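*Asks:* kindly generate the corresponding structure for this input.
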Amino acid sequence: MEITGFHSLNDLFAQLGLDADDAAIEAFLEHHHLSGQQHLSEAPFWSEGQRRFLEEAFLNDSDWCEAVDELDTLLRH
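*Replies:* You can find the predicted model right below:
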């Protein structure tokens, strides 16, 4: 059975226009972090388009929410 509406972290990176292979994602996570109560979309390392996509995915409870939440969590470690 196929789950509709599910996007992986790799899919999210591709959607954001970033390298989406596992090694590139690991490197991104090593070099980027969120602090305290900083919202994911407010991080200084996003372009305007990336920031808007992340904000809208969260606000609209889109099918990207799980991947966006996962990225948020990973950037806080």
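
*Asks:* OK, contacts around residue 49?
*Replies:* Listed by CB atoms under 8 Å, 6 or more residues apart in numbering, the contact set of residue 49 reads residue 17. The C-beta positions use only the backbone N, C-alpha and C, and glycine is treated the same way.

*Asks:* kindly recompute the last result at 10 Å.
*Replies:* Shown in contact with residue 49 (CB atoms under 10 Å, 6 or more residues apart in numbering): 16, 17.

*Asks:* now it: how far from residue 37?
*Replies:* With distances taken as CB to CB, to the nearest Å, residue 49 is found 24 Å from residue 37.

*Asks:* what strand or helix carries residue 30?
*Replies:* helix 22-31 (DSSP states H and E).

*Asks:* which residues sit against that helix?
*Replies:* For helix 22-31, using CB under 10 Å, 6+ apart, the contacting residues are 9-10, 12-13, 16, 18-21, 45, 71, 74-75, 77.

*Asks:* narrow those to those in helices?
*Replies:* Members of the contacts of helix 22-31 lying in helices (criterion: DSSP state H): 9, 10, 12, 13, 71, 74.

*Asks:* dump the residues you listed to TSV, plus distance to residue 29.
*Replies:* Output for the ones in helices among the contacts of helix 22-31, formatted as TSV (distance: CB to CB, whole Å):
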residue	distance to residue 29
9	10
10	13
12	12
13	10
71	9
74	5
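
*Asks:* just the buried ones from the residues you listed, in PyMOL syntax?
*Replies:* A single PyMOL command selects the buried members of the ones in helices among the contacts of helix 22-31 (16 or more other CB atoms under 10 Å):
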select buried, resi 9+12+13+71+74
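
*Asks:* between the ones in helices among the contacts of helix 22-31, which is nearest residue 53?
*Replies:* residue 12 (9.3 Å; CB to CB).

*Asks:* check which helix or strand covers the nearest residue to that closest one once chain neighbours are set aside.
*Replies:* Among residues not flanking residue 12 along the chain, residue 67 sits closest, at 4.0 Å (CB to CB, 6 or more residues apart in numbering). Residue 67 is part of helix 65-74, with elements assigned from DSSP H and E.
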